[in-house]
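1. this one's structure only:
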Ligand SMILES: Cc1ncc(C[n+]2csc(CCOP(=O)(O)OP(=O)(O)O)c2C)c(N)n1
Ligand SMILES: [Mg+2]
C-alpha cells in the first residue's frame, strides 16, 4: 500500500503527464500532422493546462464509476489524455485530434469513442446539464427504479467566464426549488476569459449567491507551498499582498516570471525584515513556483477539498488557477487560443525529460516505475466498474393510441386527450412518460394528464386549494410518485431537462419517455439548449402549442413564423405538424417508438407543432396505408386525377382553407389534388436520402415517399403550398419533379386579429365530406368537369 505522500507523488506525476499529453496533442495537430487543406486547426493549450491538476485529482482519485462529468469544452484535450492513460483512448485518435474521426475538439457523447458522459461546446449548457441530470437521478430513484445502482455525483468543470451564461443562473433557481443534491460545480478560477482578464470582485457576488441557494462553497485558493510560506516569518505580509493583488497584475506577473514578482513584492511591501528574507532566500524560479502555487494546481489541496465533502448538498468549488500554467504564455491575457511554437515545445519537451520520438509514451520522463503507475491507474476508484455507458429495454407502445373523439377539435386539445387516455391506463408506457412544462402546463392542455399522474417532488405536498375544499379544475398535489415536473418560465431549463431525462437510459440504465410542452414561439428562447439536447442524442418529445398566426388574438409577440424551418433543419428532431387529431395520435404512437430506436442514425426526438384552432375532424378509418402516409410525412386527402392541373399541399391548421379552396378550384379545373403534409421535415429528409442513395449506388432505383406521391402529376400541373408559418417550408416541393410552385405562408410579424374565415364570416368548413374520400379516391367520372 502506498503511503499518502506516495499517493500524492503518483497523482502529481500523472497530472504532469496529463498536462504534457494535452499540450502535445494540440501541438501535434497544429505543427506536426500534415495540413492538407490549409485550414487553421487550433486547440486551447492554456485552457487545458488550467484544469490538468484538477481533472487528474478527480479522475485518478476522487471519482467513482457512478459519477458523471461535464468537462469544460476547451479542456477536451485534458479529458482525452486522461482517457488515453486509462487505456480508453487510442493514440491514433489523439494524433488525429480535431481531424476527421479523431478525438473531438469538444467532448462529444456521440462523436467521441472514449468515455464522455455529457457533450459540451456551447458554454454554460454542460454545467446546467449536470444539475438536471441530478434531478433526473432523484426522479428515477423516487420511482423505485435504479435499485441496485448507487447514486452518482453530477460534476461540472466550469470555466470562470462560463459563469456569465444566463442559463446557469436559471438552472440554479430550478435546482433550489427541487432540493438539488449530488451536484458539484468545480470552477476553474483563472480569472481569464477568451478576450482578457475578468472583472475584479465578481466572485464574491457569486459566492454569496451560491450560499443563498443552499450550496456549500469551498474556496481552494492557496497551494501547499503557499500555505507553508505563509507560516514562515513574514508570511502574513506575503498573504496580504497576494490577496490584495488585482487579477490583471497577478496574471501579468505570472507571465513575466520570478524576477518581476520579486520587484513588485519589494516595491510594494517594502523592506520589512522577515518578509524580505522570505522572498530573498528564494531564487527567481523558486519564487515563481511559490507564487503560481494556487490551490487549483496543487494536488494535495484539491484532493483535500474534494475529500472534505461528507454530505450530498450541492457544492461549488472555486479553485484558483493560472491560465496556461507551466507553459510559456501562462497568465498572458491573449493566451486563449495561443499555441506554443515549435521552439518553445522543444525546450519544454527537454525539460520534461521526454526523448524525441517518445512523446506519446504514457510514462516517458516520469520518475516513477511504469508498472507502479499502471497499477495505480488500474486501481483508480473510477475504474472499478467498466460499465459506464448503460442501456435499458425498449418500452412497449400500444399498436394504436386512442382518444375520445369529438367532431371539432384542435390538435392541442387532441394532445391532451391522447395523454389523458394513456394516463387512465396501467401500461408500462404510462409509467415511463414524464412530462415537464415551463409554467404553461395548464395552457398547453397537460392538465388532464397531471390530474391523473400528479406532480413530482421528493417530498409529499398536498394541493392546499383541495385540502381547503376550494373548487379548482386542477389537482396540484406533489409526491415522489408524480410524473410531471413543473418548471419556472425558462425554456432553456425545459430543454436541458429534456436533455437529462432523455439520456436516463444511458446514464441511469432506466428509460424515461419525456414530453415537454411550451408555446411554439418560445422554442426560439430555448433553441441552443434544444440543439444541445439533440446533439448529445437525448430522446424526448416536444409539443409546441399554440403556433403560427392562427392564434390570431394573441398578436405578433406570440405568433411563430420560423419554427417549421427550425424543425426541418434541426438534426436529431423529427418534426410534425398534423392538422387532425387522428393524425396526431398516429404520430405520437410512432414517436414513442422513434424515441427508443437505438443505433447509428436511428431514432431521435420528436417535435409536434400544434394549434389551438378548433377545426372539423374527419370521420374515417385509420388504414395501414393512411397511417404510413401520416408518419412518412404526407398523403393524398384528395387524390389527383389523370389530368390534374392543380394541387394544393397544405400543412397544419390551415386545412379548412385548403379544403375549401380545393372545392372552389374543382369548379373550374379538373382533377385537382389535395396533399395533406404532416411533416415537411420527414418528406424532405426522405427525398434527400433517396437522391443520395441513387447517387452513391448507381443502379439503385429507390424513390422517396414524396417522389412517389408526386409521380402521377402531369408535368404542367401547378402546386400551391400553404402553411401557417414560413412559406419556404414547403416551397421546395416544386423541385421534386419540376412542378411550378406558388408557396403561401407567413413572412412578417403580425398583430392581433382574427382568422380569415371568421373575417369573411364563413365558419371553418366541414372537412368530413372530403375526409371520407381520403383513402378512397373519387373515380374521375364522378368528378366535376373543368
Ligand atoms: C455559448 C458560447 N459562446 C461563446 C463561446 C466561445 N468561447 C469559448 S471559451 C470562451 C471563454 C472561456 O473562458 P473561461 O470559461 O473562463 O475558460 P478558460 O479558457 O479561461 O478556462 C468563449 C467565449 C462558446 N464556446 N460558447
Ligand atoms: Mg477563465
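-> Sure thing, it's come through. The structure presented is a predicted model; accordingly, all values stated were derived computationally and were not measured. Ligands and ions are numbered 1, 2, ... in the order given.

2. where does the stretch 51-200 of the chain have low pLDDT?
-> Low-confidence regions of the stretch 51-200 of the chain, defined here as pLDDT under 70, do not occur.

3. Kindly report the residues of it close to ligand 2.
-> 159-161, 190, 192 (C-beta under 5 Å from the ion). Using the backbone N, CA and C atoms, a C-beta is placed for each residue, glycine as well.

4. do the same with the chain
-> So far as C-beta under 5 Å from the ion goes, the chain lies against ligand 2 at 159-161, 190, 192.

5. what does the host helix or strand of residue 158 contact?
-> Under the criterion of DSSP states H and E, residue 158 resides in strand 154-159. With C-beta atoms under 8 Å, 6 or more residues apart in numbering as the test, strand 154-159 has contacts from 47, 51, 54-55, 58, 63, 67-72, 74-75, 123, 126-127, 129-131, 133-134, 137, 182-188, 190, 193.

6. what about 7 Å?
-> Contacts of strand 154-159 with the rest of the structure, by C-beta atoms under 7 Å, 6 or more residues apart in numbering, involve 51, 54-55, 67-72, 75, 123, 126-127, 130, 133-134, 182-188.

7. what residues are up against the residue in the stretch 201-350 of the chain that ligand 1 sits nearest to?
-> Per C-beta to the nearest ligand atom, residue 323 is where the stretch 201-350 of the chain lies closest to ligand 1, at 5.1 Å. Neighbour list for residue 323: 46-47, 50, 190, 192, 331, 335 [criterion: C-beta under 7 Å, 6+ apart].

8. And residue 580, by the same measure?
-> Residue 580 neighbours (C-beta under 7 Å, 6+ apart): 617-618.

9. Is the residue nearest to residue 578 when sequence neighbours are not counted within a helix or a strand, and which one?
-> Closest residue to residue 578 apart from its sequence neighbours, by C-beta to C-beta, 6 or more residues apart in numbering: residue 584 at 4.5 Å. According to DSSP H and E, residue 584 maps onto helix 581-594.

10. Mean confidence (pLDDT) on that helix, please.
-> If you average the pLDDT over helix 581-594, you get 98.

11. which is the next helix or strand following that helix?
-> strand 605-609.

12. Pull up the pairing partners for that next one, direction included.
-> When pairing is defined by DSSP bridges, strand 605-609 lines up against strand 541-544 (parallel), strand 573-576 (parallel).

13. Distance from the chain centre to that strand, please.
-> Taking the mean of its C-alpha atoms, strand 605-609 sits 16 Å from the chain's own mean (C-alpha atoms, centre = their mean, to the nearest Å).

14. By neighbour count, which of the residues of the stretch 51-200 of the chain next to ligand 2 wins?
-> Using other C-beta atoms under 10 Å as the neighbour test, those are led by residue 190, with 31 neighbours.

15. if I read this right, that one contacts residue 319, doesn't it?
-> No - applying C-beta atoms under 7 Å as the test, residue 190 and residue 319 come out as separate, 9.1 Å apart.

16. hmm, the longest helix anywhere in the chain touching ligand 1?
-> If you go by DSSP state H, the chain has its longest helix at helix 4-27. No - using C-beta under 6 Å from any ligand atom, helix 4-27 stays clear of ligand 1, with a minimum separation of 12.6 Å.

17. which residues touch that helix?
-> Outside helix 4-27, the residues that touch it by C-beta under 7 Å, 6+ apart are 2, 43, 45, 48-49, 52-53, 55-57, 60-61, 77-78, 80-82, 84-85, 94, 97, 299-300, 326-327, 339-340, 345, 352, 354, 359, 366-368, 373, 376.

18. And the buried ones among the residues you listed, selectable in PyMOL?
-> Filtering these down to the buried ones (16 or more other C-beta atoms under 10 Å) takes a single PyMOL command:
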select buried, resi 43+45+48+49+52+53+55+56+57+60+61+77+78+80+81+82+84+85+94+97+299+300+326+327+339+340+345+352+354+359+366+373+376
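
19. quick one: which of the contacts of helix 4-27 sit in helices?
-> Reading helices off the contacts of helix 4-27 with DSSP H, I get 45, 48-49, 52-53, 55-57, 77-78, 80-82, 84-85, 94, 299-300, 345, 373, 376.

20. could you list every residue that touches residue 608?
-> Per C-beta under 7 Å, 6+ apart, neighbours of residue 608: 415, 541-544, 576, 584, 587.

21. Of those, which is the nearest to residue 615?
-> When the contacts of residue 608 are compared for distance to residue 615 (C-beta to C-beta), residue 584 wins out at 12.3 Å.

22. what about the closest one, how many neighbours?
-> Look at residue 584: counted by other C-beta under 10 Å, it has 29 neighbours.

23. quick one: which helix or strand includes residue 470?
-> Applying DSSP H and E, one finds residue 470 in no helix or strand.

24. I'd like to know how far it sits from residue 85.
-> Applying C-beta to C-beta, to the nearest Å, the value for residue 470 to residue 85 is 62 Å.

25. and what of residue 344?
-> In terms of C-beta to C-beta, residue 344 sits 24 Å off from residue 85.

26. now residue 636
-> Plainly put, residue 636 is 60 Å away from residue 85 if you go by C-beta to C-beta.

27. what do you get for residue 558?
-> Distance from residue 558 to residue 85, by C-beta to C-beta: 53 Å.
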